[in-house]
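S.K.: Give me a 3D structure for the following:
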Amino acid sequence: MWKKPLALLGTSALICAGEMARELSTFRVRRYRMEVPGLESGREIRCLFLSDLHGKEYGKENKKLLEQIEKERPDFILAGGDMLTRTQPETDRTALALMRRLVSVAPVYAANGNHEQKMKENRELYGDRYDRYRDALKEGGIRVLENETCLFRKGSFQASITGLEIPLSCYRHFGREELQVEEINKRVGESPKKGYRILMAHTPAYMDTYWEWGADLVLSGHLHGGVVRLPHYAVTTSLSCDGNLNTFRYLEKKRGVPFTFLDVPYGDDEASVEYLAGQLEEFTTELERRFGRRFEEDKLKEALRIENETRKELMRFFQLQSEYYYPGELISHLYMMMGMHLLIGTQEFLDLIRYMIEEIKTYPKYEGKKILWVHLLPFYQESLNQCFNRSQDYQIIASDIILDSVEELDP
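M.R.: Numbers count the residues shown, from 1 in each chain. Reported below is the predicted structural model:
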């Protein structure tokens, strides 16, 4: 049996902590190679995978994205869902325009994400919007796979492409249902017996079940920032929220991830300072033991210097956000919180805040209601998303979970 690489290119609209502003105007290309049976010697098949663009444009009419796609010279193109945003009808037009232009590059096969599927299954909210979108795709020459399988052939290579729609209950943020192979079989049938089996399943949360079904390759999106890998070691403190410590205990018990707990006193008297300093000395010794590297105090001092500068710049941005309209989404504040907790102290994050300061000055003055949000943001609540996302009437100018402290640290 002949084996030769199948080149897979993945590109998607990602919004991730520390890069959200830049990634709203850029995209990332990743290339993968793998051995696949069924190709003649010396032959290569190129597949391009897009997912979760949510109606975003990269350049006017997606010119930048289309130019890059053409450079990749794909043999076929797969769209993994959430090409539009169900709460923003204007994204339908952008998604359709892009998909129709892709047909001139290579054959296009599309599966649904949770946004398309919710439009399809909740007609009392969205009317016939999904039908119109799907029909327009088909008229444009795109093969829409709604729990269907079709074949792609080129030379001796043959692949079955399946677009899977799982139950919407599997997309819940909390209390997510299990997905069994029997449910997949019920929806798309058993996996094909011949050819290379490609499964487009929008969420990667059920990867083991997809493999059990019989997929050779699974393509997913949904988790815009990717999947978090288990760390080799972790650290937490008593300053974190109430449920935080139990998370680390769970990771240690269930996943074997060791962690250090730093007990930070409430007071700042001499005894408290010595107590915490002793823990930190033990912590640095443990870091050196686990990672085989000497702890460099000079690098810590530099990180603290950058952290102090970042806080000052963020306060400048908050002040400007009370003066200028800055289009964003409710979840943007959660991403900023993640950046301030995980990336503060790095030059890259400081550069991001400075970039945002210059960018916000290009927007018009803000005349709507200005809101300070205290504690957790329910970014998953649909009614609040409709209220705040890209709103010119209500703007959160700051959130306290982003900035735990405004005090300058002593390097």
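S.K.: any weak-confidence spans in this structure?
M.R.: Applying pLDDT under 70 to the chain picks out residues 1-25, 174-175, 225-226, 242.
S.K.: any chance you could map the helices in it?
M.R.: Taking DSSP state H to define them, one finds helices in the chain at 20-23, 63-72, 90-102, 114-121, 123-126, 129-139, 181-188, 207-213, 244-255, 270-291, 297-321, 330-342, 347-360, 382-388.
S.K.: Ok, which of the ones you listed comes nearest residue 43?
M.R.: Nearest to residue 43, of all those, is helix 63-72, at 17.1 Å by Cβ to Cβ. Any C-beta I mention is one placed from the backbone N, CA and C, and that applies to glycine too.
S.K.: so how far is the closest one off the chain centroid?
M.R.: Counting by Cα atoms, centre = their mean, to the nearest Å, helix 63-72 is centred 22 Å from the centre of its parent chain.
S.K.: Can I get it in PDB? Just the C-alpha atoms.
M.R.: These are the backbone C-alpha positions of helix 63-72, laid out as PDB (Å, rounded to 0.1, in the frame of the first residue of the first chain):
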ATOM      1  CA  LYS A  63      -8.400  40.000   0.100                       C
ATOM      2  CA  LYS A  64      -5.500  39.200   2.400                       C
ATOM      3  CA  LEU A  65      -7.000  35.800   3.400                       C
ATOM      4  CA  LEU A  66      -7.900  34.900  -0.100                       C
ATOM      5  CA  GLU A  67      -4.400  35.700  -1.400                       C
ATOM      6  CA  GLN A  68      -2.800  33.500   1.200                       C
ATOM      7  CA  ILE A  69      -5.200  30.600   0.400                       C
ATOM      8  CA  GLU A  70      -4.400  30.900  -3.300                       C
ATOM      9  CA  LYS A  71      -0.700  30.700  -2.500                       C
ATOM     10  CA  GLU A  72      -1.200  27.400  -0.600                       C
END
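S.K.: quick one: buried residues of it?
M.R.: Neighbour-count burial for helix 63-72, counted by 16 or more other Cβ atoms under 10 Å, picks out 65, 66, 68, 69, 72.
S.K.: Quick check: which of the helices of the chain is buried the most?
M.R.: Mean neighbour counts were taken over the helices of the chain using mean count of other Cβ atoms under 10 Å, and the top value, a mean of 21, falls to helix 114-121.
S.K.: And the contacts of that one?
M.R.: If you take Cβ atoms under 8 Å, 6 or more residues apart in numbering as the criterion, helix 114-121 is touched by 54, 81-86, 112, 126, 129-130, 133-134, 165, 168, 171, 202-203, 222.
S.K.: Please list only the buried members of those residues.
M.R.: Listed as buried from those are 54, 81-86, 112, 126, 129-130, 133-134, 165, 171, 202-203, 222; burial here means 16+ other Cβ under 10 Å.
S.K.: I'd like to know which of these are part of strands.
M.R.: Counting by DSSP state E, no part of the buried ones among the contacts of helix 114-121 is found in strands.
S.K.: what would the buried residues of helix 63-72 look like in CSV with distance to residue 119?
M.R.: Converted to CSV, the buried residues of helix 63-72 look like this (distance: Cβ to Cβ, whole Å):
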residue, distance to residue 119
65, 23
66, 25
68, 28
69, 25
72, 30
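S.K.: Now flag whichever of those is closest to residue 241.
M.R.: Ranked by distance to residue 241 (Cβ to Cβ), the buried residues of helix 63-72 are led by residue 65 at 39.1 Å.
S.K.: what about the closest residue to the closest one other than its chain neighbours, distance to residue 142?
M.R.: Closest residue in space to residue 65, ignoring its immediate chain neighbours: residue 58 at 4.2 Å, by Cβ to Cβ, 6 or more residues apart in numbering. Going from residue 58 to residue 142 by Cβ to Cβ, to the nearest Å gives 20 Å.
S.K.: about what we covered before: export the helices of the chain to JSON lines and tack on distance to residue 36?
M.R.: Converted to JSON lines, the helices of the chain look like this (distance: least, Cβ to Cβ, whole Å):
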{"stretch": "helix 20-23", "distance to residue 36": "31"}
{"stretch": "helix 63-72", "distance to residue 36": "18"}
{"stretch": "helix 90-102", "distance to residue 36": "23"}
{"stretch": "helix 114-121", "distance to residue 36": "28"}
{"stretch": "helix 123-126", "distance to residue 36": "39"}
{"stretch": "helix 129-139", "distance to residue 36": "27"}
{"stretch": "helix 181-188", "distance to residue 36": "21"}
{"stretch": "helix 207-213", "distance to residue 36": "16"}
{"stretch": "helix 244-255", "distance to residue 36": "32"}
{"stretch": "helix 270-291", "distance to residue 36": "38"}
{"stretch": "helix 297-321", "distance to residue 36": "45"}
{"stretch": "helix 330-342", "distance to residue 36": "36"}
{"stretch": "helix 347-360", "distance to residue 36": "37"}
{"stretch": "helix 382-388", "distance to residue 36": "41"}
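S.K.: Would you agree residue 369 is in contact with residue 397?
M.R.: No: under the criterion of Cβ atoms under 8 Å, residue 369 is not in contact with residue 397, lying 9.8 Å apart.
S.K.: More neighbours: those two, which one.
M.R.: Here residue 369 and residue 397 are set side by side on neighbour count (other Cβ atoms under 10 Å), and the busier one is residue 397, at 19 against 11.
S.K.: The more buried one contacts residue 370, correct?
M.R.: Yes: with contact defined as Cβ under 8 Å, residue 397 reaches residue 370; the gap is 4.9 Å.
S.K.: what do these two both touch?
M.R.: Between them, residue 397 and residue 370 share the neighbouring residues residue 322, with contact defined by Cβ under 8 Å, 6+ apart.
S.K.: What distance do you get for the residue most central in space within the chain to residue 92?
M.R.: Using Cα atoms, centre = their mean, the residue of the chain that lies closest to the mean C-alpha position is residue 224, 1.5 Å off. Here the distance between residue 224 and residue 92 works out to 20 Å (Cβ to Cβ).
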